[in-house]
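Chemist: okay, structure incoming, though there's no sequence with it:
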């Protein structure tokens, strides 16, 4: 279907005038988080078109590459055309883009691609693990050092595996903790200021890291470290090896698994922006702090791109992904990878505002993007 749509778009471009004879079917590339990498490009049911590549270089390298318009790693010839992250761009990052690139590249666009729950895989035999919110707060603040504080039927030191580099999964976890944890849960810990804050840099939370915390340098390395370390627990995106519904391998939180229907309900609780709110790119990614019911650690994996591209084939290749995806044709693959398809209201709002070219805010709108574009 995507190849047919690509062909139709290129034929349409060829009919638009002689300049479009230069349209090329060449790869465009994305970079970013490892969380959606299998869904995007590393599986048979990948949702990116065949001429779109994706490299899981990590959140930090991808953000710098896109925002500064530089290659994401040495040896790459060009910056990425788009990036993926579970994190939300900060006000400072959006301002810097608007100051340095908006006049040349068009507006900054960040939109959710799917919903997700942050899973807590663990490696400690003993049956179901069901954690309360205070237990989670004490665990990730370093106050809990032994499994007996989490489950009286388990014993030994608990090893908390955290992301050493900045990551979107860390941001989703810490956004929840910063809202849900009381001062009683974190008092006496090494947390700076005695409380959690929302951050992509887990280690920055602490004046000194707890001795039972162990660093891992990527999404896959973190999960592998948990599976290889007796007594370990970590946090991960949903596309992991063990079923999310297996509470002997992936912890429940207040009675809910990360694939529970409550995740869908939480994600649907925020409507897409309208009116003047829709003018701001930071309003196009919903954030969830501490939902009162259900599995609580949820968020979205997001796509960040520019409105305008200098080469027509770049914009068309990106549109070949956007239009079918936000028409919800990828929902089966999204669900198979344990992500949550966007609600119809969000999908249609994004499709009609950003994916089509016929509106002023649309990708490569001929008037808005006349004479400018990301090279």
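Modeler: Arrived safely. As the structure is a prediction and not an experimental result, all values here were calculated from the model.

Chemist: number of residues surrounding residue 180?
Modeler: 19 (other CB atoms under 10 Å). For every residue, glycine as well, the C-beta is placed using N, CA and C.

Chemist: what's the answer for residue 197, then?
Modeler: 13.

Chemist: quick one: it is in a strand?
Modeler: No - looking at residue 197 with DSSP: H, G, I helix; E, B strand; the rest coil, it is coil, so not inside a strand.

Chemist: identify the residues contacting the residue nearest to residue 119 when sequence neighbours are not counted.
Modeler: In space, and not counting its chain neighbours, residue 119 is closest to residue 258: 4.6 Å by CB to CB, 6 or more residues apart in numbering. Contact analysis of residue 258 by CB atoms under 8 Å, 6 or more residues apart in numbering lists 117, 118, 119, 120, 238, 244, 250, 295, 297.

Chemist: residue 105 is in contact with residue 372, correct?
Modeler: Yes - with contact defined as CB atoms under 8 Å, residue 372 reaches residue 105; the gap is 6.8 Å.

Chemist: from residue 129, how far out is the residue nearest to residue 119?
Modeler: 13 Å (CB to CB, to the nearest Å).

Chemist: just residue 82 next, same as before
Modeler: 37 Å.

Chemist: helix or strand right after the lowest-mean-pLDDT helix or strand in the chain?
Modeler: Least confident helix or strand of the chain, by mean pLDDT, DSSP states H and E, is helix 2-14 with a mean of 41. Downstream of helix 2-14, the next assigned helix or strand under DSSP states H and E is strand 28-32.

Chemist: that next one: partners in the sheet, and parallel or antiparallel?
Modeler: Here strand 28-32 has these sheet partners by DSSP bridges: strand 52-55 (parallel), strand 82-85 (parallel).

Chemist: ok, which of these comes nearest residue 325?
Modeler: strand 52-55 (11.6 Å; CB to CB).

Chemist: in terms of secondary structure, what does the helix or strand that the closest one is followed by contact?
Modeler: The helix or strand immediately downstream of strand 52-55 is helix 59-68, counting by DSSP H and E. Judged by 3 or more CB pairs under 8 Å, 6 or more residues apart in numbering; DSSP states H and E, the packing partners of helix 59-68 are strand 28-32, strand 82-85, helix 91-100.

Chemist: which residues sit against the shortest one?
Modeler: Outside strand 82-85, the residues within contact range by CB under 8 Å, 6+ apart are 28, 30-33, 35-36, 40, 54, 59, 62-63, 65-66, 113, 168, 301-305, 318.

Chemist: which SS class is the closest residue to residue 78 other than its chain neighbours?
Modeler: Excluding its sequence neighbours, the residue lying closest to residue 78 (CB to CB, 6+ apart) is residue 71, at 6.3 Å. What three-state DSSP gives for residue 71 is coil.

Chemist: if I look at residue 71, how far off is residue 60?
Modeler: For residue 71, the distance to residue 60 equals 14 Å [CB to CB].

Chemist: which one of those two has more residues nearby?
Modeler: residue 60 (18 against 15).

Chemist: that one reaches residue 166, doesn't it?
Modeler: Yes - the pair residue 60 / residue 166 is scored as a contact, 4.4 Å apart, by CB under 8 Å.

Chemist: shared neighbours, these two?
Modeler: Contacts common to residue 60 and residue 166, judged by CB under 8 Å, 6+ apart, are residue 200.

Chemist: any regions of the stretch 201-350 of the chain where pLDDT drops low?
Modeler: Along the stretch 201-350 of the chain, no part satisfies pLDDT under 70.

Chemist: ok, and what's touching the helix or strand hosting residue 139?
Modeler: Take DSSP H and E as the rule and residue 139 turns out to sit in helix 133-141. Contact with helix 133-141 is made by 131, 144, 149-150, 158, 160, 173, 177, 180-182, 184-186, 189-191, 196, 233, 253-254, 290, 296, as judged by CB under 8 Å, 6+ apart.

Chemist: what strands flank the next helix-or-strand element following it, and is each parallel or antiparallel?
Modeler: Reading on from helix 133-141 to the C-terminus, the next helix or strand found by DSSP H and E is strand 159-163. Strand pairing for strand 159-163, using DSSP bridges, gives strand 213-216 (parallel), strand 232-233 (parallel).

Chemist: for the helix or strand just after the shortest one, packing partners?
Modeler: When you say that, I think you mean strand 232-233. Sequence order places strand 252-253 as the next helix or strand after strand 232-233, per DSSP H and E. Secondary-structure packing of strand 252-253 (3+ CB pairs under 8 Å, 6+ apart): strand 130-131.
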